[in-house]
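1. dropping the sequence and predicted coords here.
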Amino acid sequence: MASETSPPLIAAQLNHLVLNFPLLAKIEPKWSGSKDYGGVRDRFTLVISYCLDFIKWDVIFDAEYPMSAPDFIFGPEDEGFQRFLVLHGEDPKSPLNRLGDWDSQDPTQLMLLVKELRDQYMAYQKKLVGEVQDDRVKFEISTIAFREGIEMRLSSGFDKPEEVKFAVPLVDTNINKMVPGCPWIYPQKIYLQVIYPVEKKYVSTPSAPRLKLVATPDLKTLFSIDDIKLPTWLAGMCMAEYLPPLEETLEKQVLEAISLIDVRRRFIEALAVQFGRPVEADPIFCRKATFISASGVFTFMVHLTITTQFPKQPPAIMLQSCQHFNSQGVPLKSVSLTDYPFSPRWEASLMAERIWDFLADEALIFKKYCNERN
(Lines give C-alpha, C1' and ligand atoms only; values in the text may rest on other atoms or scores of the structure.)
Protein backbone atom coordinates (compact mmCIF):
# COMPACT_ATOMS: atom_id res chain seq x y z
CA MET A 1 0.00 0.00 0.00
CA ALA A 2 1.18 3.54 -0.76
CA SER A 3 0.81 4.53 2.90
CA GLU A 4 3.61 2.15 3.95
CA THR A 5 6.24 4.70 2.83
CA SER A 6 4.40 7.77 4.12
CA PRO A 7 4.75 9.68 7.41
CA PRO A 8 2.49 8.16 10.13
CA LEU A 9 -0.01 11.06 10.15
CA ILE A 10 -0.44 10.86 6.38
CA ALA A 11 -0.52 7.04 6.40
CA ALA A 12 -3.35 7.07 8.97
CA GLN A 13 -5.43 9.35 6.72
CA LEU A 14 -4.86 7.14 3.67
CA ASN A 15 -5.59 3.90 5.52
CA HIS A 16 -8.87 5.22 6.91
CA LEU A 17 -9.88 6.41 3.43
CA VAL A 18 -9.17 2.98 1.90
CA LEU A 19 -11.06 1.07 4.58
CA ASN A 20 -14.12 3.31 4.93
CA PHE A 21 -14.85 4.99 1.59
CA PRO A 22 -16.39 2.42 -0.81
CA LEU A 23 -16.39 4.86 -3.74
CA LEU A 24 -12.60 4.93 -3.75
CA ALA A 25 -11.40 2.59 -6.50
CA LYS A 26 -7.70 2.81 -5.67
CA ILE A 27 -4.82 5.04 -4.60
CA GLU A 28 -1.89 5.45 -6.98
CA PRO A 29 1.38 6.62 -5.36
CA LYS A 30 3.08 9.36 -7.38
CA TRP A 31 6.23 10.88 -5.96
CA SER A 32 7.84 12.65 -3.07
CA GLY A 33 7.73 16.42 -3.09
CA SER A 34 10.48 16.77 -0.51
CA LYS A 35 14.20 17.18 -1.23
CA ASP A 36 15.10 15.97 2.28
CA TYR A 37 12.69 13.01 2.32
CA GLY A 38 13.18 11.61 -1.16
CA GLY A 39 12.09 8.07 -0.29
CA VAL A 40 8.92 9.19 1.47
CA ARG A 41 5.74 9.39 -0.60
CA ASP A 42 3.46 12.31 0.10
CA ARG A 43 1.66 12.79 -3.22
CA PHE A 44 -0.99 10.44 -4.55
CA THR A 45 -3.68 10.06 -7.19
CA LEU A 46 -7.12 9.13 -5.91
CA VAL A 47 -9.23 7.15 -8.39
CA ILE A 48 -12.85 7.72 -7.39
CA SER A 49 -16.01 6.17 -8.81
CA TYR A 50 -18.47 8.66 -10.26
CA CYS A 51 -21.35 8.26 -12.69
CA LEU A 52 -20.27 4.67 -13.53
CA ASP A 53 -16.87 6.01 -14.53
CA PHE A 54 -13.81 7.27 -12.69
CA ILE A 55 -12.40 10.67 -11.82
CA LYS A 56 -8.77 11.18 -10.84
CA TRP A 57 -7.67 13.77 -8.31
CA ASP A 58 -4.13 14.35 -7.09
CA VAL A 59 -3.86 14.86 -3.33
CA ILE A 60 -0.65 16.54 -2.20
CA PHE A 61 0.59 16.34 1.36
CA ASP A 62 3.91 17.66 2.62
CA ALA A 63 6.22 15.09 4.22
CA GLU A 64 8.15 17.88 5.95
CA TYR A 65 4.94 19.31 7.46
CA PRO A 66 2.60 16.31 7.79
CA MET A 67 0.29 18.24 10.11
CA SER A 68 -0.67 20.58 7.25
CA ALA A 69 -3.85 20.15 5.22
CA PRO A 70 -3.39 18.61 1.75
CA ASP A 71 -3.80 20.37 -1.57
CA PHE A 72 -5.84 18.93 -4.44
CA ILE A 73 -5.26 19.08 -8.18
CA PHE A 74 -8.26 18.19 -10.33
CA GLY A 75 -8.09 16.74 -13.84
CA PRO A 76 -7.68 18.99 -16.91
CA GLU A 77 -11.27 18.23 -17.95
CA ASP A 78 -12.49 19.64 -14.62
CA GLU A 79 -10.74 23.01 -14.60
CA GLY A 80 -14.00 24.75 -13.74
CA PHE A 81 -14.53 22.66 -10.62
CA GLN A 82 -12.00 24.66 -8.59
CA ARG A 83 -13.73 27.93 -9.54
CA PHE A 84 -17.04 26.32 -8.55
CA LEU A 85 -15.62 25.45 -5.10
CA VAL A 86 -14.33 28.98 -4.56
CA LEU A 87 -17.64 30.47 -5.70
CA HIS A 88 -19.48 28.34 -3.12
CA GLY A 89 -16.85 28.70 -0.42
CA GLU A 90 -19.23 30.49 1.94
CA ASP A 91 -21.57 27.51 2.00
CA PRO A 92 -21.50 25.84 5.46
CA LYS A 93 -21.07 22.48 3.69
CA SER A 94 -18.13 23.65 1.61
CA PRO A 95 -15.05 21.36 1.74
CA LEU A 96 -12.96 24.51 2.06
CA ASN A 97 -14.16 24.81 5.65
CA ARG A 98 -12.58 21.46 6.50
CA LEU A 99 -9.30 22.50 4.94
CA GLY A 100 -9.30 25.61 7.11
CA ASP A 101 -9.97 23.57 10.27
CA TRP A 102 -7.72 20.62 9.40
CA ASP A 103 -6.95 18.30 12.31
CA SER A 104 -4.07 16.02 11.33
CA GLN A 105 -4.56 13.92 14.48
CA ASP A 106 -8.02 12.85 13.31
CA PRO A 107 -7.60 10.04 10.73
CA THR A 108 -11.12 10.58 9.36
CA GLN A 109 -10.34 14.03 7.96
CA LEU A 110 -9.21 12.97 4.47
CA MET A 111 -12.14 10.62 3.99
CA LEU A 112 -14.65 13.28 5.03
CA LEU A 113 -12.94 15.83 2.80
CA VAL A 114 -12.99 13.52 -0.25
CA LYS A 115 -16.66 12.71 0.39
CA GLU A 116 -17.52 16.42 0.59
CA LEU A 117 -15.52 17.16 -2.56
CA ARG A 118 -17.33 14.38 -4.40
CA ASP A 119 -20.71 15.75 -3.27
CA GLN A 120 -19.69 19.18 -4.55
CA TYR A 121 -18.47 17.61 -7.79
CA MET A 122 -21.90 16.06 -8.23
CA ALA A 123 -23.49 19.51 -7.80
CA TYR A 124 -20.96 20.99 -10.23
CA GLN A 125 -21.73 18.39 -12.90
CA LYS A 126 -25.46 18.85 -12.41
CA LYS A 127 -24.96 22.56 -13.05
CA LEU A 128 -22.95 21.87 -16.22
CA VAL A 129 -25.56 19.43 -17.55
CA GLY A 130 -28.35 21.90 -16.74
CA GLU A 131 -26.63 24.53 -18.90
CA VAL A 132 -26.39 22.28 -21.97
CA GLN A 133 -28.30 23.77 -24.89
CA ASP A 134 -30.13 20.62 -25.83
CA ASP A 135 -33.92 20.52 -25.46
CA ARG A 136 -34.05 16.75 -25.10
CA VAL A 137 -31.49 16.71 -22.29
CA LYS A 138 -33.35 19.49 -20.48
CA PHE A 139 -36.61 17.57 -20.85
CA GLU A 140 -35.08 14.34 -19.57
CA ILE A 141 -33.75 16.12 -16.48
CA SER A 142 -37.19 17.52 -15.77
CA THR A 143 -38.86 14.09 -15.98
CA ILE A 144 -36.48 12.31 -13.59
CA ALA A 145 -35.75 15.14 -11.14
CA PHE A 146 -37.81 13.39 -8.43
CA ARG A 147 -35.63 10.26 -8.43
CA GLU A 148 -32.95 10.05 -5.76
CA GLY A 149 -29.35 9.06 -6.29
CA ILE A 150 -29.06 9.99 -9.97
CA GLU A 151 -25.59 11.08 -11.04
CA MET A 152 -24.92 12.97 -14.25
CA ARG A 153 -21.87 14.17 -16.09
CA LEU A 154 -21.05 16.30 -19.11
CA SER A 155 -18.34 14.58 -21.11
CA SER A 156 -16.44 16.41 -23.81
CA GLY A 157 -12.98 16.69 -25.25
CA PHE A 158 -10.92 18.06 -28.07
CA ASP A 159 -11.39 15.00 -30.26
CA LYS A 160 -14.79 13.72 -29.12
CA PRO A 161 -18.35 15.09 -29.26
CA GLU A 162 -20.19 16.33 -26.20
CA GLU A 163 -22.24 13.74 -24.36
CA VAL A 164 -24.38 13.76 -21.25
CA LYS A 165 -24.13 10.65 -19.10
CA PHE A 166 -26.69 9.60 -16.51
CA ALA A 167 -26.26 6.88 -13.89
CA VAL A 168 -29.75 5.94 -12.73
CA PRO A 169 -30.08 3.63 -9.70
CA LEU A 170 -32.74 0.96 -10.20
CA VAL A 171 -34.71 -1.43 -7.96
CA ASP A 172 -35.44 0.44 -4.74
CA THR A 173 -34.97 -2.71 -2.65
CA ASN A 174 -32.29 -3.64 -0.14
CA ILE A 175 -30.91 -6.70 -1.92
CA ASN A 176 -28.48 -7.37 0.94
CA LYS A 177 -31.34 -8.00 3.38
CA MET A 178 -33.01 -10.41 0.97
CA VAL A 179 -30.02 -12.81 1.07
CA PRO A 180 -29.88 -14.82 4.34
CA GLY A 181 -26.43 -14.55 5.92
CA CYS A 182 -25.40 -11.95 3.34
CA PRO A 183 -21.62 -11.32 3.49
CA TRP A 184 -21.66 -8.06 1.53
CA ILE A 185 -20.36 -5.07 3.46
CA TYR A 186 -21.80 -2.39 1.18
CA PRO A 187 -25.28 -2.22 -0.42
CA GLN A 188 -25.49 -3.87 -3.82
CA LYS A 189 -26.93 -1.69 -6.56
CA ILE A 190 -28.05 -1.94 -10.18
CA TYR A 191 -27.76 1.10 -12.44
CA LEU A 192 -28.85 2.06 -15.91
CA GLN A 193 -26.25 4.07 -17.77
CA VAL A 194 -27.89 6.43 -20.26
CA ILE A 195 -25.71 8.43 -22.67
CA TYR A 196 -27.15 11.20 -24.84
CA PRO A 197 -25.16 12.91 -27.59
CA VAL A 198 -25.61 16.67 -27.24
CA GLU A 199 -27.68 17.96 -30.17
CA LYS A 200 -27.23 21.72 -30.36
CA LYS A 201 -29.39 21.91 -33.44
CA TYR A 202 -33.04 20.89 -33.70
CA VAL A 203 -33.48 17.24 -34.67
CA SER A 204 -36.99 16.09 -35.59
CA THR A 205 -36.30 12.45 -34.67
CA PRO A 206 -33.48 12.25 -32.15
CA SER A 207 -31.57 8.99 -31.98
CA ALA A 208 -32.05 6.62 -29.06
CA PRO A 209 -29.54 7.04 -26.23
CA ARG A 210 -26.90 4.41 -25.57
CA LEU A 211 -28.03 2.16 -22.73
CA LYS A 212 -26.17 -0.25 -20.49
CA LEU A 213 -26.96 -2.07 -17.26
CA VAL A 214 -24.22 -1.90 -14.64
CA ALA A 215 -24.14 -3.57 -11.22
CA THR A 216 -21.82 -3.47 -8.25
CA PRO A 217 -19.21 -6.26 -8.58
CA ASP A 218 -20.36 -8.53 -5.74
CA LEU A 219 -23.83 -8.89 -7.25
CA LYS A 220 -22.52 -11.28 -9.92
CA THR A 221 -22.39 -13.94 -7.20
CA LEU A 222 -26.20 -13.80 -7.13
CA PHE A 223 -26.98 -13.20 -10.80
CA SER A 224 -25.45 -11.70 -13.91
CA ILE A 225 -26.97 -8.59 -15.40
CA ASP A 226 -25.35 -9.58 -18.69
CA ASP A 227 -28.12 -12.15 -19.00
CA ILE A 228 -30.80 -9.44 -18.91
CA LYS A 229 -31.98 -8.09 -22.24
CA LEU A 230 -32.82 -4.40 -22.16
CA PRO A 231 -36.23 -3.36 -23.55
CA THR A 232 -36.23 -1.53 -26.87
CA TRP A 233 -36.13 2.25 -26.66
CA LEU A 234 -39.05 3.32 -28.87
CA ALA A 235 -39.10 6.50 -30.95
CA GLY A 236 -40.15 9.51 -28.90
CA MET A 237 -39.63 7.70 -25.60
CA CYS A 238 -38.17 9.35 -22.51
CA MET A 239 -36.57 7.90 -19.38
CA ALA A 240 -39.71 8.44 -17.31
CA GLU A 241 -41.49 5.99 -19.66
CA TYR A 242 -38.59 3.59 -20.06
CA LEU A 243 -37.61 3.03 -16.43
CA PRO A 244 -40.80 1.57 -14.79
CA PRO A 245 -41.09 -1.59 -16.97
CA LEU A 246 -37.33 -2.09 -16.75
CA GLU A 247 -37.44 -1.90 -12.96
CA GLU A 248 -40.36 -4.33 -12.86
CA THR A 249 -38.33 -6.82 -14.92
CA LEU A 250 -35.28 -6.40 -12.69
CA GLU A 251 -37.29 -6.88 -9.50
CA LYS A 252 -38.59 -10.19 -10.88
CA GLN A 253 -35.04 -11.19 -11.82
CA VAL A 254 -33.75 -10.43 -8.33
CA LEU A 255 -36.56 -12.43 -6.68
CA GLU A 256 -35.95 -15.35 -9.03
CA ALA A 257 -32.19 -15.23 -8.38
CA ILE A 258 -32.76 -15.37 -4.63
CA SER A 259 -35.21 -18.27 -4.98
CA LEU A 260 -32.58 -20.18 -6.98
CA ILE A 261 -30.28 -20.18 -3.93
CA ASP A 262 -32.62 -22.72 -2.34
CA VAL A 263 -32.74 -24.73 -5.58
CA ARG A 264 -28.93 -24.98 -5.55
CA ARG A 265 -28.94 -25.82 -1.84
CA ARG A 266 -31.34 -28.74 -2.38
CA PHE A 267 -29.11 -29.96 -5.20
CA ILE A 268 -26.03 -29.97 -2.95
CA GLU A 269 -28.04 -31.80 -0.28
CA ALA A 270 -29.03 -34.42 -2.88
CA LEU A 271 -25.37 -34.82 -3.86
CA ALA A 272 -24.54 -35.45 -0.18
CA VAL A 273 -26.85 -38.47 -0.24
CA GLN A 274 -24.66 -40.00 -2.97
CA PHE A 275 -21.19 -38.73 -2.05
CA GLY A 276 -21.46 -38.15 1.69
CA ARG A 277 -21.01 -34.92 3.57
CA PRO A 278 -19.21 -32.28 1.46
CA VAL A 279 -15.67 -31.36 2.43
CA GLU A 280 -16.43 -27.77 1.54
CA ALA A 281 -19.53 -25.94 0.35
CA ASP A 282 -20.67 -22.37 -0.17
CA PRO A 283 -23.30 -21.98 2.59
CA ILE A 284 -24.75 -18.66 1.42
CA PHE A 285 -25.07 -18.64 -2.36
CA CYS A 286 -24.55 -22.41 -2.84
CA ARG A 287 -22.37 -21.88 -5.88
CA LYS A 288 -19.62 -24.39 -5.01
CA ALA A 289 -19.28 -27.77 -3.32
CA THR A 290 -16.45 -30.28 -2.95
CA PHE A 291 -16.78 -33.99 -2.10
CA ILE A 292 -14.29 -36.82 -1.60
CA SER A 293 -14.90 -39.98 -3.59
CA ALA A 294 -13.03 -43.17 -4.45
CA SER A 295 -12.78 -45.75 -7.19
CA GLY A 296 -11.18 -48.77 -5.57
CA VAL A 297 -7.99 -47.50 -3.93
CA PHE A 298 -7.95 -44.36 -6.10
CA THR A 299 -9.14 -41.40 -4.01
CA PHE A 300 -10.08 -38.11 -5.61
CA MET A 301 -11.98 -34.91 -4.94
CA VAL A 302 -15.04 -33.80 -6.88
CA HIS A 303 -15.33 -30.03 -7.29
CA LEU A 304 -18.66 -28.68 -8.53
CA THR A 305 -19.15 -25.10 -9.68
CA ILE A 306 -22.82 -24.19 -9.96
CA THR A 307 -23.75 -21.23 -12.13
CA THR A 308 -26.46 -18.69 -11.38
CA GLN A 309 -28.28 -20.18 -14.38
CA PHE A 310 -28.70 -23.57 -12.66
CA PRO A 311 -30.74 -25.65 -13.33
CA LYS A 312 -30.89 -24.31 -16.90
CA GLN A 313 -27.14 -24.92 -17.11
CA PRO A 314 -25.44 -28.01 -15.62
CA PRO A 315 -22.74 -27.60 -12.96
CA ALA A 316 -19.13 -27.78 -14.08
CA ILE A 317 -17.34 -30.76 -12.53
CA MET A 318 -13.60 -31.02 -12.01
CA LEU A 319 -11.82 -34.03 -10.51
CA GLN A 320 -8.65 -33.69 -8.43
CA SER A 321 -6.44 -36.60 -7.44
CA CYS A 322 -5.49 -37.02 -3.79
CA GLN A 323 -2.56 -39.28 -4.77
CA HIS A 324 -0.97 -37.85 -7.92
CA PHE A 325 1.03 -34.63 -8.24
CA ASN A 326 2.98 -32.84 -10.95
CA SER A 327 6.66 -31.89 -10.70
CA GLN A 328 5.75 -28.73 -8.75
CA GLY A 329 3.82 -30.74 -6.17
CA VAL A 330 0.41 -29.57 -7.44
CA PRO A 331 -2.37 -32.21 -7.45
CA LEU A 332 -3.36 -33.42 -10.90
CA LYS A 333 -6.77 -32.22 -12.07
CA SER A 334 -9.14 -33.07 -14.88
CA VAL A 335 -10.55 -30.64 -17.41
CA SER A 336 -13.87 -29.04 -16.58
CA LEU A 337 -16.66 -31.52 -17.33
CA THR A 338 -20.06 -30.26 -18.47
CA ASP A 339 -21.05 -32.84 -21.09
CA TYR A 340 -22.83 -35.49 -19.05
CA PRO A 341 -26.43 -36.69 -18.59
CA PHE A 342 -28.42 -33.77 -17.20
CA SER A 343 -31.84 -32.20 -17.59
CA PRO A 344 -33.19 -29.07 -15.88
CA ARG A 345 -36.53 -30.88 -15.59
CA TRP A 346 -35.15 -33.61 -13.33
CA GLU A 347 -35.58 -33.58 -9.59
CA ALA A 348 -32.42 -32.81 -7.61
CA SER A 349 -32.18 -36.42 -6.46
CA LEU A 350 -32.16 -37.71 -10.05
CA MET A 351 -29.54 -35.13 -11.07
CA ALA A 352 -27.31 -36.35 -8.22
CA GLU A 353 -27.84 -40.01 -9.15
CA ARG A 354 -26.90 -39.40 -12.79
CA ILE A 355 -23.76 -37.48 -11.78
CA TRP A 356 -22.78 -40.35 -9.46
CA ASP A 357 -23.25 -42.87 -12.28
CA PHE A 358 -21.33 -40.66 -14.73
CA LEU A 359 -18.37 -40.29 -12.36
CA ALA A 360 -18.16 -44.05 -11.81
CA ASP A 361 -16.90 -44.34 -15.40
CA GLU A 362 -15.15 -40.97 -15.53
CA ALA A 363 -13.08 -41.82 -12.45
CA LEU A 364 -11.48 -44.74 -14.31
CA ILE A 365 -10.53 -42.45 -17.20
CA PHE A 366 -9.13 -39.88 -14.80
CA LYS A 367 -7.20 -42.53 -12.87
CA LYS A 368 -5.55 -43.72 -16.09
CA TYR A 369 -4.69 -40.13 -16.97
CA CYS A 370 -3.06 -39.59 -13.55
CA ASN A 371 -1.07 -42.85 -13.70
CA GLU A 372 0.31 -41.99 -17.12
CA ARG A 373 1.57 -38.62 -15.93
CA ASN A 374 2.95 -39.66 -12.57
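-> Perfect, I can see it now. Computed from a predicted structure; not experimentally measured. Residues are numbered from 1 along each chain as shown.

2. which stretches in the stretch 1-150 of the chain count as helices?
-> 8-20, 79-87, 95-100, 109-130, 135-144 (DSSP state H, counting those that start in this stretch).

3. what's the answer for the stretch 201-350 of the chain, then?
-> Secondary structure of the stretch 201-350 of the chain, counting by DSSP H, counting those that start in this stretch: helices at 239-275, 348-373.

4. re earlier: quick one: which of the helices of the stretch 1-150 of the chain is nearest residue 327?
-> Of all the helices of the stretch 1-150 of the chain, helix 8-20 sits nearest to residue 327, with 39.7 Å by Cβ to Cβ. Placement of C-beta: from N, CA and C, glycine included.

5. gap between that closest one and the chain center?
-> Here helix 8-20 is found 22 Å from its chain centre; the criterion is Cα atoms, centre = their mean, to the nearest Å.

6. for it, name the packing helices and strands.
-> Here helix 8-20 touches strand 24-31, helix 109-130, going by 3 or more Cβ pairs under 8 Å, 6 or more residues apart in numbering; DSSP states H and E.

7. what's the closest of those to residue 296?
-> Here strand 24-31 is closest among the helices and strands packed on helix 8-20 (Cβ to Cβ), at 51.5 Å.

8. want to try TSV for the helices of the stretch 1-150 of the chain, with mean pLDDT as columns?
-> Formatted as TSV, the helices of the stretch 1-150 of the chain follow (pLDDT from 0 to 100):
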stretch	mean pLDDT
helix 8-20	90
helix 79-87	87
helix 95-100	84
helix 109-130	93
helix 135-144	87
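
9. take these and lay them out in CSV including mean neighbour count and distance to residue 284.
-> As requested, those are exported to CSV (neighbours: other Cβ atoms under 10 Å; distance: least, Cβ to Cβ, whole Å):
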stretch, mean neighbour count, distance to residue 284
helix 8-20, 18, 23
helix 79-87, 14, 42
helix 95-100, 16, 39
helix 109-130, 19, 29
helix 135-144, 16, 35
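
10. these: which one's closest to residue 295?
-> Distance to residue 295, taken as Cβ to Cβ, is lowest for helix 8-20 among these, at 48.4 Å.

11. any stretches of this protein with poor pLDDT?
-> By pLDDT under 70, the low-scoring segments of the chain are 1-4, 31-39, 157-158, 200-205.

12. switch to 50 and redo it
-> Along the chain, segments meeting pLDDT under 50 span 1-3.

13. list the contacts of the residue nearest the centre of the chain.
-> Per Cα atoms, centre = their mean, the C-alpha nearest to the average position across the chain is that of residue 217, at 2.4 Å. By Cβ atoms under 8 Å, 6 or more residues apart in numbering, residue 217 lies in contact with nothing.

14. how far away is it from residue 120?
-> Distance from residue 217 to residue 120, counting by Cβ to Cβ, to the nearest Å: 27 Å.

15. again with residue 25
-> 19 Å.

16. and for residue 113?
-> 11 Å.

17. now residue 89
-> 10 Å.

18. same deal with residue 338?
-> Counting by Cβ to Cβ, the gap from residue 338 to residue 120 is 51 Å.

19. hang on, the earlier thing: what touches both of residue 113 and residue 120?
-> Overlap between the contact sets of residue 113 and residue 120, as judged by Cβ under 8 Å, 6+ apart, is given by residue 95.

20. residue 78 contacts residue 55, doesn't it?
-> Yes. Under the criterion of Cβ atoms under 8 Å, residue 78 makes contact with residue 55 at 7.2 Å.

21. the two: who's more crowded?
-> A direct count of neighbours by other Cβ atoms under 10 Å for residue 78 and residue 55 places residue 55 higher, at 21 against 17.

22. not counting residues beside it along the chain, what's closest to the more buried one?
-> Once flanking residues are discounted, residue 55 sits nearest to residue 48: 5.3 Å by Cβ to Cβ, 6 or more residues apart in numbering.

23. how many residues are close by the one you found?
-> Residue 48, neighbours per other Cβ under 10 Å, totals 20.

24. now do it against residue 284, distance only.
-> For residue 48, the distance to residue 284 (Cβ to Cβ) stands at 30 Å.

25. and residue 133, its phi and psi?
-> Note on residue 133: backbone dihedrals following degrees, to the nearest 10 are phi -90, psi 70.
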